[in-house]
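Novice: Pasting the sequence and the predicted model now:
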Amino acid sequence: MQKYESAANRISASRLWLVARYLGIPVFSLFPSIDGDEAAQQLQVEPEDLALLRQIKKLSDARRTAVMGLVEELNAGHR
């Protein structure tokens with residue numbers, strides 16, 4: 001553990017993902033300099049985008065797939 005704390009060893013992205021998943025937290029919360037709002041700003045995510053994502057995550061897999069198909073179909077007309 002000391003090697004990780006002193007940065008003598010690196011933690012892989014997949015390991016960070018597993019740790020975050022186990023703790024039930026978003027991966028970016030493991031980085032103290034970036035909170036959720038900052039991460040959203042860096043990704044140029046609008047508050048409405050996050051609200052939509054939260055609603056989509058509440059859907060069952062089948063409904064989420066249906067929503068994805070609808071969005072893809074809507075976007076096909078704008079290319």
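Specialist: Now that the structure is in, tell me what you want to look at.

Novice: so where's this structure shaky on pLDDT?
Specialist: When the per-residue scores of the chain are filtered using pLDDT under 70, the ranges that remain are 32-43, 45, 79.

Novice: if you set the cut-off to 80 instead, what comes out?
Specialist: Along the chain, the parts satisfying pLDDT under 80 run over 1-7, 28-46, 77-79.

Novice: gap between the residue most central in space within it and residue 5?
Specialist: For the chain, the residue lying nearest the average C-alpha position, counting by Cα atoms, centre = their mean, turns out to be residue 26 (6.5 Å). Plainly put, residue 26 is 22 Å away from residue 5 if you go by Cβ to Cβ, to the nearest Å. C-beta coordinates here come from the backbone N, C-alpha and C atoms, glycine included.

Novice: and if you look at residue 73?
Specialist: Distance, residue 73 to residue 5, using Cβ to Cβ: 49 Å.

Novice: Equivalent analysis for residue 28, please.
Specialist: When Cβ to Cβ is the yardstick, residue 28 and residue 5 sit 20 Å from each other.

Novice: more neighbours, the two?
Specialist: The residue with more neighbours, out of residue 28 and residue 5, is residue 28; 17 against 8, by other Cβ atoms under 10 Å.

Novice: Excluding chain neighbours, what is closest to residue 8?
Specialist: With Cβ to Cβ, 6 or more residues apart in numbering as the measure, residue 2 is the residue that lies nearest to residue 8, at 7.8 Å, once sequence neighbours are left out.

Novice: Count the neighbours of that neighbour for me.
Specialist: When counting by other Cβ under 10 Å, one arrives at 7 neighbours for residue 2.

Novice: What separation do you get for it and residue 9?
Specialist: 9 Å.

Novice: Check residue 17 too.
Specialist: In this structure, residue 17 lies at 17 Å from residue 9, with Cβ to Cβ as the measure.

Novice: what's the answer for residue 52, then?
Specialist: For residue 52 relative to residue 9 (Cβ to Cβ), the value is 39 Å.
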